[in-house]
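Enquirer: fold the following for me, if possible:
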Amino acid sequence: MLADSLYRIAALARLNWTLRLRDPGQFLSYLLMPMILMLVFKPLYDRALVGGATQVATGMLVVFSTLALAIVGTATLTERTWHTWDRLRSTRVATAELLLGKALPIFLVLLAQQTILLVYAMVVIGVRPAGRPWLVVVAVVVWGSTLLALGTAIAALVRSHGELSAICDIGALTLTTLGGAFVPVAMFPGWLQAVAPVSPGYWALSMLQAALAGDVTGTLLPAAVLLTVGGVAGVFAAWRLGRGFGRATLL
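Expert: Presented below is the predicted three-dimensional model:
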């Protein structure tokens, strides 16, 4: 049974990986734009802040990785708009297998985006990690997992690609700005500082900056918060799609 399940997951993953390779536009967009903005904003951040290079690098990474929720959501929503979701659910593939088969290629895309941006930040922007690379790996994996769960949950709720785009774009910019991606939270007015922890972007930024600084506690605490958020979103997505709420007839 386990071998059959792994075979089905692998087949779905290969198919979805092929789809990603055939349509790399979103990925390239969310990879090149932060690179350009890091380079443009670095002199300003260096003059305005201590550790400006880290702020601009992690800020742009969080913003554009959150915008990549659109990639995650599209992977699931496309099955609904193509009317292939019902066909997949009518086969022997369980809901968990279906979600895993779709999630694995997207997870690799999210990891690749963050890894490339971090390497770029170190080579071009001048970010210097403190010497604990495993913390950076943990931060990237946790943030990628959280985005994957959130994007799937959003795709289980929306009715069209227009709705998905609007929610991802507006939500991503709002939550990352609130989380301190453009301006550090310490520079916010008091009432806004109190609200900032509501945003997953706040915890992602704190986690990534702590990881680059080699702060174990500062990395693992936000990681636990993000894993909780991702776990809740993932369970909700599996429940909603498993009960047929992702069916094409409900679009």
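Enquirer: any low-confidence regions in the stretch 1-150 of the chain?
Expert: 80, 83, 85-86, 89-90 (pLDDT under 70).
Enquirer: try 50
Expert: Applying pLDDT under 50 to the stretch 1-150 of the chain picks out no residues at all.
Enquirer: from residue 218, how far off is residue 230?
Expert: The gap separating residue 230 from residue 218 is 19 Å, by CB to CB, to the nearest Å. All C-beta atoms are positioned from the backbone trio N, CA, C, and that covers glycine.
Enquirer: the more surrounded of those two?
Expert: residue 230 (22 against 16; other CB atoms under 10 Å).
Enquirer: check contacts around that one.
Expert: Residues near residue 230 by CB atoms under 8 Å, 6 or more residues apart in numbering: 142, 145-150.
Enquirer: can you put these in TSV and add distance to residue 191 and secondary structure?
Expert: Below are these laid out as TSV (distance: CB to CB, whole Å; DSSP: H, G, I helix; E, B strand; the rest coil):
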residue	distance to residue 191	secondary structure
142	29	helix
145	31	helix
146	26	helix
147	28	helix
148	32	helix
149	30	helix
150	26	helix
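Enquirer: contact partners for the residue nearest to residue 223 when sequence neighbours are not counted?
Expert: Leaving aside its sequence neighbours, residue 223 sits nearest to residue 142 (CB to CB, 6 or more residues apart in numbering; 4.5 Å). Listed by CB under 8 Å, 6+ apart, the contact set of residue 142 reads 207, 223, 226-227, 230.
Enquirer: weed out the non-buried ones from those residues.
Expert: Neighbour-count burial (16 or more other CB atoms under 10 Å) applied to these gives 207, 223, 226, 230.
Enquirer: show me where the stretch 151-251 of the chain dips below the pLDDT cut-off.
Expert: Looking at the stretch 151-251 of the chain by pLDDT under 50, you get 246-251.
Enquirer: what number of residues lie near residue 240?
Expert: By other CB under 10 Å, 16 other residues sit near residue 240.
Enquirer: pretty sure it is touching residue 155, no?
Expert: No - using CB atoms under 8 Å, residue 240 is not in contact with residue 155; the gap is 9.8 Å.
Enquirer: that older thread, as TSV, the contacts of residue 230 with distance to residue 33 would be great.
Expert: Shown next, in TSV, are the contacts of residue 230 (distance: CB to CB, whole Å):
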residue	distance to residue 33
142	23
145	23
146	21
147	17
148	21
149	24
150	21
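Enquirer: nearest to residue 160 among those residues?
Expert: Nearest to residue 160, judged by CB to CB, of the contacts of residue 230 is residue 150 at 18.6 Å.
Enquirer: okay, the closest one and residue 231: tell me how far apart.
Expert: 11 Å.
Enquirer: what does residue 34 give?
Expert: Per CB to CB, residue 34 is found 27 Å from residue 231.
Enquirer: again with residue 37
Expert: As defined by CB to CB, residue 37 lies at a distance of 31 Å from residue 231.
Enquirer: and the helices in the stretch 1-150 of the chain?
Expert: All helices of the stretch 1-150 of the chain, identified by DSSP state H, counting those that start in this stretch, fall at 2-22, 25-48, 52-67, 69-81, 85-89, 95-120, 133-155.
Enquirer: please compute how far stretch 27-36 lies from its chain's middle.
Expert: 14 Å (CA atoms, centre = their mean, to the nearest Å).
Enquirer: how about it: buried residues?
Expert: So, applying 16+ other CB under 10 Å, buried residues of stretch 27-36: 27, 30-31, 34-35.
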